[in-house]
Each structure stands twice: as structure tokens, then as C-alpha cells.
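# My questions are about this predicted structure, shown below with the sequence.
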Amino acid sequence: MKNDNSRNTIIFIVCSALILGVYWFAVLRPQAERRAVQQQAQVEQSQTAENAARTALNPQGPTFVTDRGQALSTAARVPIQSGTLKGSLSLQGGRIDDLFLTDYRETQDKPEPVELFRPQGMENAYFAQFGWTGPNVAGGVPGPNTVWRLTNGATLTPTTPVTLTWDNGQGLRFTRVVSVDDRYVFSIQDTVQNLGTQAITLAPYGSVQRQGVPPAAGSSHIVHEGAIGAFGKPGEYRTEQKKYKDWLKEPRIENASTGGWLGITDKYWLAALLPPQNEAVETEFRVREVPGGQPQLEANLLGASRTIQPGATATETQRLFAGVKRAEVLKTYEENLGLPRFVYAIDWGMFWFLTRPIFWVLENVYGLVGSFGVAILALTVIVKLIMFPLANNAYASMSKMRNLQPKMEEIKARFKDDPQKQQQETMALYQKEKINPVAGCLPLLLQIPVFYALYKVLTVTIEMRHQPFLGFINDLSARDPSVVWNLFGLIPWDPANLPLLGALLVGPLGIGLLAVAYGLTMWLQTAMNPPAADPVQRQIFQFMPLVFTFIMAPFAAGLLVYWAWSNILTILQQYVIMHRYKAENPIDTFIARFKKSPA
């Protein structure tokens, strides 16, 4: 009986704990989270001017809708339609929160345009909002939940701006005129009219907010995605970047600036606040934790406070760039709006002095030939011509070294027990024949930064996105779609469908035609070089082409086109020089074997 009582007691305790746990997660915890959100909203509504601007909108929590139409239907909207953008502006909060880039598609096989902004209520909401903030303003100022009235215009286009108005009932009338150009910049002109009897102090603010890190962020370590901006004063601006992973570790980054710009960037797309360039502003990148939900990432700016006397008005014009990071587009806005370093919204990298000229050449050649793949081939020829004198000397030195192989083997045999003597005799032979053994390494060393710069250009610039080449390549900015496992598409079978191994065959082991071409040309180029003196080193060098074939396979197809074509040009140059110096080479050896008649 005593054991039964003990057992029943334990069962009762376990059941009670389970019931309490279910009740906590199903009832008490959601209630606590809702109360926390409500309390946070109440606290933020009573904050000072600066804090009010920085906390312009709290996310709704972890409950989202998947239907865009349902999210859009929560408030009246003004359609947006320009040559490059389409979407809508919400009258609730006056937010720009529904935006698509009509000239670009998410993927080549889908007609849907690229989504830039996403309305509140959907997961990973992304939007921009503007307004005024001030302490102790009777009747308040328009906030994120304020419903504006559309008083002029019906559709926002480059030729038809729209006007929104809101009266706080205590003597303040707010008017907002929103316009858009034929590309990617919105202008938001906010006017406050003081019809009351007391002076008020207000400050303008702007905010770009993204709820959660986008799922595709961080797919390429070489591309910056996250917070970005240019801060400082005339003549001393600097670009500041924070990748998402670093931004989350440093939730508040403040800067004071005269003009400049700041925002949130993806690989190809950018949403940036553009304040008046002669105005002192306070900026911050901020991460705000949301109970039970994703962190809210914000790029905020706060303008200078101004006192509006009774009967007076104040006007502030801010701008928003919401679009594509094309170099010529950014450069045009940089010049026309006086935006400092706006072209550096593209992540040119630490070798910017190489990436920008390489991009300029590539873009101009592309304009002439009309094919990005052909432009890459032409760029490779240009790079080879620039390096031709140095490479010529290097390959001449390597050919001489190859001719000296019998003498070097003789030195090794004579002094096989004295490595130091071997080295001395070898260096004496080099001096006698006027050979610089280091010269062969110089072209390779110089190509490393050029290779990195080109890799950067082909990765971060949108000009190569979805550009086809050679028939089987649909996108030069993506990896080669062909794989060796179905003979590069000759066999009507998709290796990805193979159970268990499919992901491996199209992933790490997915060797495409371009990777094979790269590996073969690298092998031939290595075979034409003088063999290493050490047998172990020789075996390592022979194995390297195979290793690099797997390393390079996932890279952008455009990069493999460049590198394989570069290897071919190098082989041709080396072959001509080796012929001149009558040095043995694998091409002639292969041709001789092919021509040799059977015994």
C-alpha cells in the first residue's frame, strides 16, 4: 500500500507538472507576451523626441499572415506605379511598405518581379516611414498607426505626386507630399502648420526597418549585406558597414553627420535614407529585441529640432532610395543629389582600386559586344596584354630552367649526400645561364589580386545577373548548371533525384563542364612548368589541378570562364616561348606520339 501511495504521488506530481507546463505555454505565456508588447508600446509613446523617433514602430509579434493581400487589406492604400517600381503606400502611418522592382525577376524561370518592401503583418516585414517627433505635444504627432487622409492624387507616379493630411485636433495640421522619380528615389515633403496659440518644438525623422534577418543573407561571404551608410562632414565622409551577424552583436551604433546617407543593403538591392545634405543629423543602426519574435533591424535618422511659432509653418524634405545597386544609377544620384560615396553602396572590397577599373572596362566592352560572356573573354585578353612583358620574361626563364633539367639532375646525383652543396651548385648554374628562378612566380603573384578583384566584380555587381552564355549557361553569376554525372546534360537524368547522394552530386561533387575545362587547362599549364626538384613537391603540384577543380566548381560560371580562358592564353604564350628556346613541352610530346606510326 505504501509503495502504491508513493507511485500515485509521483504520477500526480508528473501529471500536474505537465498540465501546468501546457497551460503556461498555451495560455499564460502568450498573455504575458501580449502584455509586454502593450506595455512597451505605452512606454514608447511617452518617450522624449529622440527616443520617439528611434522607436517609430513596434512589430506585432510572432504571428504572421502568408497572404499578401490580407496584409495589405488592413489599411487604405495609394497605388505606386513608375517605370521601375510598383506597389502601394499605406495610409496607416504613411508607410512605403509594398514595393516591387519591375525590371528584375526573383529567378529566371519565374515572371514575378523582385520584392523589395513587404508590409507589416507578414514575416520579414520591410518598410520605410517618416514623420515628426516632439515632447509634450498637445494632440500628439502622426505615428505609425495614424490614419492619414488622401487629399490630392490617386496613384503615385513620376508625374502625379500624392498629398496626405492629418489634423491632431489641437492646432497642428500635418501635410505630406510624396513624389517619386522615374527610377528609385522617393521624395517626402512634410509640412507642419501651427494653428494654435503655443510654440511647439519638433524634429523630423526617417526610418528603414526590417523584421528579422532575410533568409538568403550570408550566402556569400564576399558580399556585404546588412547596415551601410556614409557619415562625416564635407570632405571627410567615410563608409561604415556592419554585416547582419556583426550588427546583431552590436545592437546600437550611433553617428553624427552632416548629410550623408544610411540604410539596409542586400546583395543587389538597397533601401537608404537620404537626408538634406546641408543638415546636421543624428543616425543610428539599431537592433530591437521583440518578445517571441525576430529582432527588428532599424536604420534611423533624426534631424535638427525646430521651434514653430503660432501661425508659422515648418517644412522638411527627406528622400528614400529603394532600388537596384547599379553603378551608373548610384553614380547619377551621387552627382545629382550630392550624396557622398553613394557608389560605394556596392561592396567594391579592399581592392577597390582594381575592382572599379575592371568593372568599368567590363561594362564598356559589354556595351560594345552585347554579350557579358564575350566581354569577360575580351577582358581576359586585355589583362594578359597588360601583363605580357612580365609574363614573357617569366616564361622565358622557365623554358631555360626546363632545358637545364639534365644538368640539375646531374648535380643532384653528384652531391646527393650534401644538400648544401647541391644548392650552391644549382645557384651557380643559374648565374652562369643568367636565369632568375623567382621570375616564374611573379605573374602568378600579380594575378592573385586581379583574380580576387574580378571575383568581387562578378559577385557584387548586378550587371552579370541572369546573363546567359554558351547556350547551356543561363546565369553567369551562378554556378555552372551542368554536372559530369549525367555527361553534362547528354543523359536525361537529374542527379539531384538520386536518394541520399543527390545533394552531394549536385553540391560538393557537382563538377560542371567549365570546372572540367578549368582543371584540364590548369593541369596542362602545370605540366609545362619546370618540375619541382623535390619528389614530394612534384607529386603535390601534379595533384593540385584535381583539388582546384573541386574548389572552383561552386564558383560563378563567369569566373570559371575567365580563369579557364586565361589558362588557355597562358598555355599558348608558354608554348610559343618554349618553341623559341627548343624546350621540351607536353603538347609537342603528345603530338609526336599521335603522329608516330604503329610498330
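The structure has been received and is ready for your questions.

# Mean pLDDT per helix and strand in this protein: which one sits at the bottom?
Of all helical and strand segments in the chain, the minimum by mean pLDDT, DSSP states H and E falls on helix 49-54, at a mean of 41.

# Would you mark the buried spots in the following helix or strand past it?
Per DSSP states H and E, helix 49-54 leads on to helix 68-72 as the next helix or strand towards the C-terminus. Judged by neighbour count (16 or more other C-beta atoms under 10 Å), helix 68-72 contains these buried residues: 71-72. Yep, even glycine has a C-beta here, placed from its N, CA and C like the rest.

# Convert the C-alpha atoms of the one helix or strand L297 maps to to CSV, please.
Using DSSP H and E, L297 maps to strand 296-302. Output of strand 296-302 as CSV, limited to C-alpha atoms (Å, rounded to 0.1, in the frame of the first residue of the first chain):
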residue,chain,number,x,y,z
GLN,A,296,13.8,44.3,-35.6
LEU,A,297,16.7,45.9,-37.5
GLU,A,298,16.5,49.7,-38.0
ALA,A,299,18.4,52.4,-39.8
ASN,A,300,17.2,55.6,-38.2
LEU,A,301,18.0,59.3,-38.6
LEU,A,302,16.8,62.3,-36.6
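
# State the paired neighbours of the next helix or strand after that strand in the sheet, together with their directions.
With elements assigned by DSSP H and E, the helix or strand that comes after strand 296-302 is strand 306-308. Taking DSSP bridges as the criterion, strand 306-308 sits next to strand 200-211 (antiparallel) in its sheet.

# mind listing what's buried in the strand it pairs with?
So, applying 16+ other C-beta under 10 Å, buried residues of strand 200-211: 200, 202-211.

# contacting residues around G171?
138-139, 194-198 (C-beta atoms under 8 Å, 6 or more residues apart in numbering).

# typed the wrong thing, it's M544
522, 526.

# quick one: the strand holding L297 to strand 200-211, angle?
In this structure, strand 296-302 runs at an angle of 150 degrees to strand 200-211, with axes from the mean of the first three to the mean of the last three C-alpha atoms, to 10 degrees as the basis.

# Could you check how far the nearest residue to D266 once chain neighbours are set aside is from L569?
Nearest non-adjacent residue to D266, counting by C-beta to C-beta, 6 or more residues apart in numbering: E225, 5.6 Å away. With distances taken as C-beta to C-beta, to the nearest Å, E225 is found 35 Å from L569.

# Who has more neighbours out of these two?
Counting neighbours by other C-beta atoms under 10 Å for E225 and for L569 shows that E225 has the greater number, 24 against 18.

# Before we move on, what's the pLDDT of that one?
With respect to pLDDT, E225 scores 94.

# again with T175
pLDDT, read off for T175, is 97.

# P161 is in contact with that one, correct?
No. Contact criterion C-beta atoms under 8 Å: T175 and P161 do not qualify, at 11.9 Å.

# Between those two, which is the more surrounded one?
Between T175 and P161, counted using other C-beta under 10 Å, T175 has the larger neighbour count: 19 against 16.

# Is the more buried one bridged to anything, and to what?
Bridge pairing for T175 - DSSP bridges - gives T165, T191.

# again, but for S90
R77.

# in this structure, what spans have low per-residue confidence?
1-63, 218-220, 435-444, 532-534, 596-599 (pLDDT under 70).

# Quick check, central residue of it?
K267 (2.3 Å; C-alpha atoms, centre = their mean).

# what's that one sitting at in phi/psi?
Here is the backbone geometry of K267 (degrees, to the nearest 10): phi -60, psi -50.

# What's the separation between it and G153?
34 Å.

# go on, T74?
Counting by C-beta to C-beta, the gap from T74 to G153 is 22 Å.

# before we move on, back to that, let's see if you can find the most crowded of the contacts of G171.
Result: N194 is most packed of the contacts of G171 (other C-beta under 10 Å), 20 neighbours.

# for the residue lying closest to it once chain neighbours are set aside, what are its contacts?
Nearest non-adjacent residue to N194, counting by C-beta to C-beta, 6+ apart: I308, 4.5 Å away. By C-beta under 8 Å, 6+ apart, the residues touching I308 are 192, 194, 199-202, 314.

# Please, which helix or strand holds the nearest residue to N392 once chain neighbours are set aside?
Nearest residue to N392, sequence neighbours excluded (C-beta to C-beta, 6+ apart): I577, at 6.8 Å. Assigned by DSSP H and E, I577 belongs to helix 557-580.

# Hmm, F342 is touching W261, no?
Yes. With contact defined as C-beta under 8 Å, F342 reaches W261; the gap is 6.5 Å.

# Check which helices and strands the host helix or strand of V383 is in contact with.
Per DSSP H and E: V383 is located in helix 372-386. Here helix 372-386 touches helix 352-369, helix 442-460, helix 557-580, going by 3 or more C-beta pairs under 8 Å, 6 or more residues apart in numbering; DSSP states H and E.

# The first one: which residues count as buried?
Within helix 352-369, the residues that qualify as buried by neighbour count (16+ other C-beta under 10 Å) are 354-356, 358-359, 361-363, 365-366.

# can you state the direction angle for that helix and helix 372-386?
120 degrees.
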